[in-house]
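In: turn this into a structure:
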Amino acid sequence: MTGRARTGLLLFAFAGLGASLASTWVHLQILLDPFYVSVCDVNATVSCSQVYESRYGSFLGVPVALGGVIWFTGTLLLAWAGGRAPAESAENVAGYLLTWSTAGLAVAMYLAYASFFLLGMVCLFCVAVYVSVIGVFVLAGSAPATPALKLIGVAAGDLRLLARSPMGRAVAVAFVAGSVGSTLWFNSLSQADAMAALAELPVEDAGAGAPAADPAPPTLSEEDQQSEFERYWSAEPRVEIDLPPASAAAAEGADVVVLKFNDYQCPACANAHRLYGPVFAKYASSDPGRVVQVVLDFPLDPSCNDEAPFGQHDGACAAAVAVRIAAARGEDLRSEMEDWLYNNQPGLTRAAVTEAVADIAGIDQAAYDAAYDETVDAVRADIAVGVALPVEATPTYVVNGVVIGGMLAPRFFDAAIAHELERAAADE
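Out: Numbering: from 1, shown residues only. Got it, this is the predicted structure:
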């Protein structure tokens, strides 16, 4: 590899490492702080947090961004080794670097496809990583390298050379230990967060026959945590929202009104639906009629939402219409339709939606098409409410006038509802 190519490769690797570290930091803050807003959360389409919170943002509880940190660190170490390797091993190291960069490119392109085409979102830090991986791959391929099949036969000898070097041995051990240690730490942190959230729910919500889990030891006492949350919540401004007539009627008489601006093709909306469902079920049992969730449609689909001209959720308007039509035949059908949509988000189309609503609610395509224009006008009325707020990302929740952009951890969401119930009781 020429000196210029090596310099370029190092620049791309350092840039990618910086972007991966920033992504990992944002993911960590999302886990630790339910009110954290990332600097790269620009709007509903350009949002790092929503990408990180999607099913493509983590693997086995570990942020994929941490994988980027590990990969770029490995790239820098291989580039460093290539500059120090004896002449007889230089092409082998170049081969390892090319193989390493090929694997990284494959993962990066898959994640780019998931972000742009499946989620319909852009993560700025992720884009920087994708560009850096491509740069590393191109420059790694510019050097004479041992073919991949031949590397299998020479790898053992190169490892022995590495083991005989005190510095090489120390660097290799530090890299492996740091990679494994950080991965295990993030995994335990994600599990602790999930267990703490689960501990707030009734035992039966953990699954039939599952024992109650002990929550992770809190940093503050329960009293201090409650006090800290109440101070935060009480200081938040409250907005007044003029709801469409049907939504206003649904909210009438409730002490706690939770508005959800929703897109049925939005992965974060699906996550919220699954995580908050047990919270609403708990209050439906303990405080019937006092807590009401009102779902307002805000599909990121330009076919019915002029505020989302670049939205890529091409089935979201059709989905919102389908839920409304199904709901007219019963709340059970509404719930079943919602669950189907949340479970079939990738590649959702109007054709798929009409087929599903026919199977679930017995509404054939002719009936769906006949009701579409009138129903989509009601969807646009919800969109107008969201624009006036304004909604910058989905989901956006409004709890008794307090706006929550994105999601709170379930235990904090539960605490917000409990606080509002206490507030309502004190005002009586």
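
In: so for the longest helix along the chain, mean pLDDT?
Out: Counting residues, the longest helix in the chain under DSSP state H turns out to be helix 166-199. The average of the pLDDT scores along helix 166-199 is 77.

In: now do it: distance to the chain's middle.
Out: Centroid separation between helix 166-199 and its chain, computed with Cα atoms, centre = their mean, to the nearest Å, is 21 Å.

In: can you check stretch 105-121 too?
Out: Worked out by Cα atoms, centre = their mean, stretch 105-121 lies 13 Å from the chain centre.

In: so what touches it?
Out: Residues outside stretch 105-121 that contact it (Cβ atoms under 8 Å, 6 or more residues apart in numbering) are 45-47, 50-51, 54, 56, 64, 67, 71, 122-123, 126, 129-130, 133-134, 137, 265, 267, 300, 311-313, 345-347. (Glycine included, C-beta is placed from N, CA and C.)

In: next, the buried residues of it.
Out: Using 16 or more other Cβ atoms under 10 Å as the test for burial, stretch 105-121 gives 105, 108, 111, 112, 114, 115, 116, 118, 119, 120, 121.

In: go through those and flag which are in strands.
Out: Members of the buried residues of stretch 105-121 lying in strands (criterion: DSSP state E): none.

In: widest-spaced pair of those?
Out: Greatest spacing in the buried residues of stretch 105-121, by Cβ to Cβ: 105 and 120 (22.8 Å).

In: before we move on, the earlier item: and the contacts of stretch 105-121, which are buried?
Out: 45-47, 50-51, 54, 56, 64, 67, 71, 122-123, 126, 129-130, 133-134, 137, 265, 267, 300, 311-313, 345.

In: in the stretch 1-150 of the chain, which spans are strands?
Out: Per DSSP state E, counting those that start in this stretch, the stretch 1-150 of the chain carries strands over the ranges 58-59, 62-63.

In: can you redo those as CSV with mean neighbour count?
Out: Shown next, in CSV, are the strands of the stretch 1-150 of the chain (neighbours: other Cβ atoms under 10 Å):
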stretch, mean neighbour count
strand 58-59, 16
strand 62-63, 22
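
In: so which of the ones you listed gets nearest residue 252?
Out: Across those, residue 252 has its closest neighbour in strand 58-59 (40.1 Å, Cβ to Cβ).

In: thinking residue 123 is in contact with residue 53, fair?
Out: No: with contact defined as Cβ atoms under 8 Å, residue 123 does not reach residue 53; the gap is 10.9 Å.

In: now do stretch 78-93: distance to the chain's middle.
Out: Once both centres are worked out by Cα atoms, centre = their mean, stretch 78-93 turns out to sit 39 Å from its chain's centre.

In: now that stretch: buried residues?
Out: Buried residues in stretch 78-93, counted by 16+ other Cβ under 10 Å: 78, 79, 81, 82, 85, 89, 90, 91, 92, 93.

In: on the three-state scheme, residue 296 is what?
Out: The three-state assignment at residue 296 reads strand, by DSSP: H, G, I helix; E, B strand; the rest coil.

In: is it bridged to anything, and to what?
Out: Applying DSSP bridges to residue 296 yields these beta-bridge partners: residue 261.

In: so who does it touch?
Out: 243, 247, 259, 260, 261, 262, 382, 385, 386.

In: which parts of stretch 327-345 are buried?
Out: Across stretch 327-345, burial judged by 16+ other Cβ under 10 Å covers 327, 333, 334, 336, 337, 338, 340, 341, 342, 344, 345.

In: which ones among the buried residues of stretch 105-121 map onto helices?
Out: 105, 108, 111, 112.

In: in a markdown table: those, plus distance to residue 165.
Out: Compiled in a markdown table, those are given as follows (distance: Cβ to Cβ, whole Å):
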| residue | distance to residue 165 |
| --- | --- |
| 105 | 29 |
| 108 | 31 |
| 111 | 35 |
| 112 | 37 |
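
In: could you redo these as a markdown table and give each row pLDDT and distance to residue 30?
Out: As requested, those are exported to a markdown table (pLDDT from 0 to 100; distance: Cβ to Cβ, whole Å):
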| residue | pLDDT | distance to residue 30 |
| --- | --- | --- |
| 105 | 95 | 27 |
| 108 | 94 | 21 |
| 111 | 93 | 17 |
| 112 | 93 | 21 |
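
In: output the lowest mean pLDDT helix or strand found in the protein.
Out: When each helix and strand of the chain is scored by mean pLDDT, DSSP states H and E, helix 222-235 comes last, with a mean of 73.

In: give the next helix or strand downstream of that one.
Out: Downstream of helix 222-235, the next assigned helix or strand under DSSP states H and E is helix 245-251.

In: what packs against that following helix?
Out: strand 291-297 (3 or more Cβ pairs under 8 Å, 6 or more residues apart in numbering; DSSP states H and E).

In: any low-confidence regions in this structure?
Out: Low-confidence segments of the chain, defined by pLDDT under 70: 33-36, 44, 85-88, 190-226, 406, 428.

In: could you chop it up by domain?
Out: Following automatic domain parsing, one gets these domains for the chain: 3-196, 222-427.

In: where do the helices sit along the stretch 251-400 of the chain?
Out: Ranges of helices in the stretch 251-400 of the chain, per DSSP state H, counting those that start in this stretch, are 267-286, 316-327, 331-343, 350-361, 365-388.
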